[in-house]
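Undergrad: Provided below are the primary sequence and the corresponding predicted coordinates.
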Amino acid sequence: MLARSLSCSPSSRRHPRTKGLGPGDDRTSHDRTVCKSHGMDLADVLSLPGVVEICSLRSPIGFMALHGGSQDRGTHEIASRAAEQSGASYYAIVQPSGVRAHLTSRRHNPDHSQRLRDFLAHAQIAISVHGFGRDSFDLTVDATRGIVVEPYGPAVRGRQTGPLRGIILGGRNSQLLDAARGLFHDRFQGFHVADERIRLGFDPDNPVNLPVSHGVQIELPPGLRGIGDFGERLVPSEDGVVPEVIAALIELSNLARALCNEDLQVPPGHES
């Protein structure tokens, strides 16, 4: 049963108002179920209450947001806007507030979703937008404040001393990946493209690599997703740097379209 595959935190219970969510956010944290993906597959995720699957087929370039909604906050809003404004196709899984199930990209088996199969059959190149940082969960008991719930975990972890500033790029379309590295290099003040030794998005089973010409995966830190430098905003904002991120993704989709057009050109001597 699905219930056996879910590992949910005690935050599904109602808690008193806390101030541990970040500056400017004094909302009550309640009825929040943080779910781990142990033993889950795509069919399980899609069956969770409130989860919405989106598939819009337009051009052969396709944007994706596999962890949209409450998981990788801001990615659905950014990827969907880029798709709409560029005329690209779009596939997303959007989780509602109160549900978070992180299913690793490579475990998104198309056999479990007709919409995903339709998208992958239609798209020639995919651009998958993800987020990293501030995606855990933390519950502590403070001597003066009592129970303190941080739905997305501590703002700073391990050796981290400030906000995350790297943009992690991956994917098996090497031409578009090189173009993305150039496009995002010094594009946003204070942010940088992460070292190429950080390899995410290269697994052949990752949906970004399943279209005929594969694709590129982009992992954005909190400060580029409209949720604050430390992920302190529970609800993404579309102001600040977010329009610049969308503009960069549209440029990337145009580069991908040019690659598609090159692939469709008939070699000399092979005209019908």
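TA: Received it, and whenever you're ready, just let me know what you need. Numbers count the residues shown, from 1 in each chain.

Undergrad: three-state assignment of the nearest residue to residue 263 once chain neighbours are set aside?
TA: Nearest residue to residue 263 in three dimensions, chain neighbours excluded: residue 213, at 6.6 Å (C-beta to C-beta, 6 or more residues apart in numbering). Just so you know, the C-beta spots here come from the backbone N, C-alpha and C atoms, and that holds for glycine as well. Look at residue 213: counting by DSSP: H, G, I helix; E, B strand; the rest coil, its state is coil.

Undergrad: and residue 213, how many neighbours?
TA: 19 (other C-beta atoms under 10 Å).

Undergrad: and it, what does it touch?
TA: 124-125, 173, 259-260, 263 (C-beta atoms under 8 Å, 6 or more residues apart in numbering).

Undergrad: Which of those residues are buried? Put it as a PyMOL command.
TA: If you want just the buried ones from those in PyMOL, going by 16 or more other C-beta atoms under 10 Å, the selection is:
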select buried, resi 124+125+173+259+260
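
Undergrad: The contacts of residue 213 into CSV, with extra columns for distance to residue 185 and pLDDT?
TA: Converted to CSV, the contacts of residue 213 look like this (distance: C-beta to C-beta, whole Å; pLDDT from 0 to 100):
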residue, distance to residue 185, pLDDT
124, 25, 98
125, 21, 98
173, 18, 97
259, 19, 93
260, 23, 88
263, 25, 70
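
Undergrad: between the contacts of residue 213, which is nearest residue 118?
TA: Of all those, residue 118 sits closest to residue 124, with 13.9 Å by C-beta to C-beta.

Undergrad: And the strands in the stretch 51-200 of the chain?
TA: Here the stretch 51-200 of the chain has its strands, by DSSP state E, counting those that start in this stretch, at 52-56, 61-69, 89-95, 99-101, 125-131, 138-142, 146-150, 166-170, 192-193.

Undergrad: how about CSV for those strands, with distance to residue 43 added?
TA: What follows is those, written out as CSV (distance: least, C-beta to C-beta, whole Å):
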stretch, distance to residue 43
strand 52-56, 11
strand 61-69, 14
strand 89-95, 12
strand 99-101, 12
strand 125-131, 20
strand 138-142, 30
strand 146-150, 30
strand 166-170, 26
strand 192-193, 35
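
Undergrad: of all these, which lies closest to residue 241?
TA: That would be strand 166-170 among these, by C-beta to C-beta, at 11.8 Å.

Undergrad: Tell me how far residue 189 lies from residue 240.
TA: Residue 189 is 12 Å from residue 240, where distance means C-beta to C-beta, to the nearest Å.

Undergrad: and the residue nearest to residue 263, what pLDDT?
TA: Reported pLDDT at residue 213 in the predicted model: 97.

Undergrad: sorry, back to before: can you tell me which of the contacts of residue 213 lies closest to residue 229?
TA: residue 173 (30.4 Å).

Undergrad: who touches the closest one in this structure?
TA: Per C-beta under 8 Å, 6+ apart, neighbours of residue 173: 125, 213-216, 256, 259.

Undergrad: And for the nearest residue to it once chain neighbours are set aside, the neighbour number?
TA: In this structure, residue 173 finds its nearest non-sequential neighbour in residue 214, 4.2 Å apart by C-beta to C-beta, 6+ apart. Each residue near residue 214 was counted by other C-beta under 10 Å, and the total is 22.

Undergrad: got the phi/psi numbers for residue 214?
TA: Listed backbone geometry of residue 214 is phi 60, psi -150, with angles given as degrees, to the nearest 10.

Undergrad: ok, now the one 3 residues further on?
TA: Torsion angles at residue 217 (phi, psi; degrees, to the nearest 10) stand at phi -110, psi 130.

Undergrad: ok, now which ones touch the closest residue to it other than its chain neighbours?
TA: Excluding the flanking residues, the one nearest residue 217 by C-beta to C-beta, 6+ apart is residue 201, at 3.0 Å. Residue 201 makes contact with 105, 128, 168-171, 208-209, 216-217, 219, according to C-beta under 8 Å, 6+ apart.

Undergrad: Residue 201 falls within a helix, correct?
TA: No: looking at residue 201 with three-state DSSP, it is coil, so not inside a helix.

Undergrad: could you point out the longest helix in this protein?
TA: If you go by DSSP state H, the chain has its longest helix at helix 242-264.
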